[in-house]
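> structure for this input, please:
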Amino acid sequence: MIDKREHIEIVSLPDYGQDEAPFIVSSICTLGDTFFEHNASPHRHDFYSIYWVRTGHLRHTIDTVTHEVSGNTLFFLAPGQVHKMEFSDKADGYMIAFHDAFMCLKDQAQLSSGINSGLFFNNHFSSVLTMPDEQQADFEWLVKTMVKEIERKDNDYESAFHGLLRYFLVLSSRIQNAVDTLAPDTHLSHNSSLFLQFKTLIEEKFRDLKNVSDYAGLLHIKPVLLNEVSKQLSGITAGEHIRNRIILEAQRYLYNTDLTAKEIAYNLGFEDPHYFSRFFKKYTNQTPSEFKEASRVNGVFTHQQA
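Purely as a prediction, here's the structure:
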């Protein structure tokens with residue numbers, strides 16, 4: 001009998017043999033068996049991670065979206081996202097990983113650069129970018145210099161690594177912004193800070209708080225203002241962000257575990273499982289059981305990328 005999958009594994013940096021290091025950078029091929037064992041099944045990280053797939057083929061499922069990738073693609077994953085990766089034999093590239101405390105991505109003072117609210121926190125809960133050929137040499141130099149700093153551990157190597165990683169994120173943000181359709185005035189510092197605080201609160205409290213007024217109260221603003229800022233910066237209302245996050249977590253469990261809809265409902269803070277099922281169907285046009293069946297048979301969505 002196949003064991004029932006009731007949990008999604010949480011992976012920490014020490015699980016990759018890095019002791020208590022606040023950051024790592026390594027070629028994918030040299031990460032070792034532990035890395036590939038973890039990545040064969042759905043799991044979450046408690047750290048930020050960036051994957052640069054340089055060569056070969058990768059099938060990367062982030063939450064319920066599967067990306068088929070062949071070379072020169074960047075993936076940005078925030079803590080808590082569920083993903084698994086299937087590499088071809090010839091796939092290679094790099095993984096960069098770091099704790100939030102190291103980069104302080106939620107630090108309001110750093111929001112003006114745009115790297116925080118865009119690369120790791122966005123409507124899709126992940127970023128997948130194609131690296132332009134002309135920028136590959138710059139990223140190659142950055143990553144190899146990061147590796148040298150870690151290997152040598154000279155004086156202030158952590159500060160050097162911090163600067164290199166920050167520049168890596170800035171260059172990545174520029175790639176993203178090149179295809180960003182938001183109007184220039186949507187990057188106002190104050191509103192960006194407020195919006196990121198809201199998204200952070202959702203991550204922390206979506207199981208318990210499900211109304212815009214709850215989050216507006218925590219942010220000491222009126223619900224109408226929170227909706228306006230959300231609409232300005234993301235194109236959807238604050239309420240939609242809250243609902244989308246709840247639905248995403250439900251889909252994660254339906255896609256990656258064998259929990260029943262009733263068990264998932266209680267896990268997500270719904271006292272009435274029937275209300276949860278109606279809620280799920282209203283915003284996905286599928287019952288939880290229909291979603292589970294469709295995802296197991298056909299996959300939810302596949303994104304092809306050359």
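> buried residues in stretch 196-207, which are they?
196-199, 201-202, 205-206 (16 or more other C-beta atoms under 10 Å). To be clear about C-beta, it is placed using only N, CA and C from the backbone, and glycine gets the same treatment.
> now tabulate these in CSV and tack on distance to Ala238, pLDDT and secondary structure.
Converted to CSV, the buried residues of stretch 196-207 look like this (distance: C-beta to C-beta, whole Å; pLDDT from 0 to 100; DSSP: H, G, I helix; E, B strand; the rest coil):
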residue, distance to Ala238, pLDDT, secondary structure
Leu196, 13, 78, helix
Gln197, 12, 84, helix
Phe198, 7, 90, helix
Lys199, 10, 86, helix
Leu201, 10, 91, helix
Ile202, 9, 92, helix
Lys205, 13, 93, helix
Phe206, 12, 95, coil
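> can you give me the pLDDT of the spatially closest residue to Leu13 that is not a sequence neighbour?
Once flanking residues are discounted, Leu13 sits nearest to Phe47: 5.5 Å by C-beta to C-beta, 6 or more residues apart in numbering. Phe47 is assigned 85 on the pLDDT scale.
> can you check the one 3 residues further on too?
In this prediction, Ile50 carries a pLDDT score of 91.
> assign it to helix, strand or coil.
Here Ile50 is recorded as strand under DSSP: H, G, I helix; E, B strand; the rest coil.
> also Asp154?
Following three-state DSSP, we place Asp154 in the coil state.
> who touches it in this structure?
Taking C-beta atoms under 8 Å, 6 or more residues apart in numbering, we find Asp154 in contact with Ala160.
> show me where pLDDT drops low in this protein?
Where the chain drops to pLDDT under 70, the residues are 1-6, 14-21, 32-34, 103-118, 121-126, 179-190, 192, 296-306.
> at which residues are the helices of it located?
33-39, 100-103, 115, 136-152, 157-178, 189-205, 212-219, 223-234, 238-256, 261-267, 273-284, 288-298 (DSSP state H).
> just send these back as TSV, with distance to Ser12 too.
Listed next are the helices of the chain as TSV, based on distance: least, C-beta to C-beta, whole Å:
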stretch	distance to Ser12
helix 33-39	10
helix 100-103	13
helix 115	24
helix 136-152	18
helix 157-178	19
helix 189-205	18
helix 212-219	28
helix 223-234	30
helix 238-256	19
helix 261-267	22
helix 273-284	31
helix 288-298	27
